[in-house]
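S.K.: Attaching a predicted model along with its sequence, questions to come.
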Amino acid sequence: MYNEEGNGRLYQSEGRKKMNNLFVERIKGLIEKIGVTQRDLAQDIGVTESTLSKYLKGERTPNRDVLLNIATALNTTSDYLLGLSDTDKETLNFNELKGILARNSKDLSAEQKTKLIEVIIKYR
C-alpha cells in the first residue's frame, strides 16, 4: 500500500518494501540458479529488457499475468516469488502445470500457449 505525504509524493509502506525486496531477491536468485540471461527471461515472459530491469531494481511491479509468466519461466510459483511461501520448487509438477494452463487458456492466444509450452520444456 502507498501512503501519501504532504508534498504529493507517494511512498511505499515498510511491509510493501520488504515484500518488494524479497520479490527482487528471489527472482535474482532463481535467475542465477537456472543460469538464464535477463535478455532470455525478458523474451520468455513477454516484456522488454528495460521493463525486466525495472522489476529487478524494485522500481516497478509486474502485473498478475507477468508475475505468472515469471514464475513459470523460473520453474517456481507466484506464492514463492511474493514471499507467501518459503518453498522454492525446482520443478513444477505436471498437475500444477496443467492447472496453470487451464486457468489461463482462455486468456492466451495460440502463440502464447505455444511459447508457454516451450518455456516449460526449456526449463524442465
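M.R.: Looks like it came in fine. Numbers count the residues shown, from 1 in each chain.

S.K.: distance of residue 99 from residue 82?
M.R.: The gap separating residue 99 from residue 82 is 18 Å, by C-beta to C-beta, to the nearest Å. C-betas here are computed from N, CA, C, even on glycine.

S.K.: Then residue 69?
M.R.: Separation of residue 69 from residue 82 (C-beta to C-beta) stands at 14 Å.

S.K.: Then residue 73?
M.R.: 16 Å.

S.K.: Tell me which of these two has more neighbours.
M.R.: residue 73 (25 against 15; other C-beta atoms under 10 Å).

S.K.: In this structure that one contacts residue 44, no?
M.R.: Yes - Residue 73 lies in contact with residue 44 (C-beta atoms under 8 Å); the separation is 4.4 Å.

S.K.: Find residues that contact each of the two.
M.R.: Residues touching both residue 73 and residue 44 by C-beta atoms under 8 Å, 6 or more residues apart in numbering: 36, 119.
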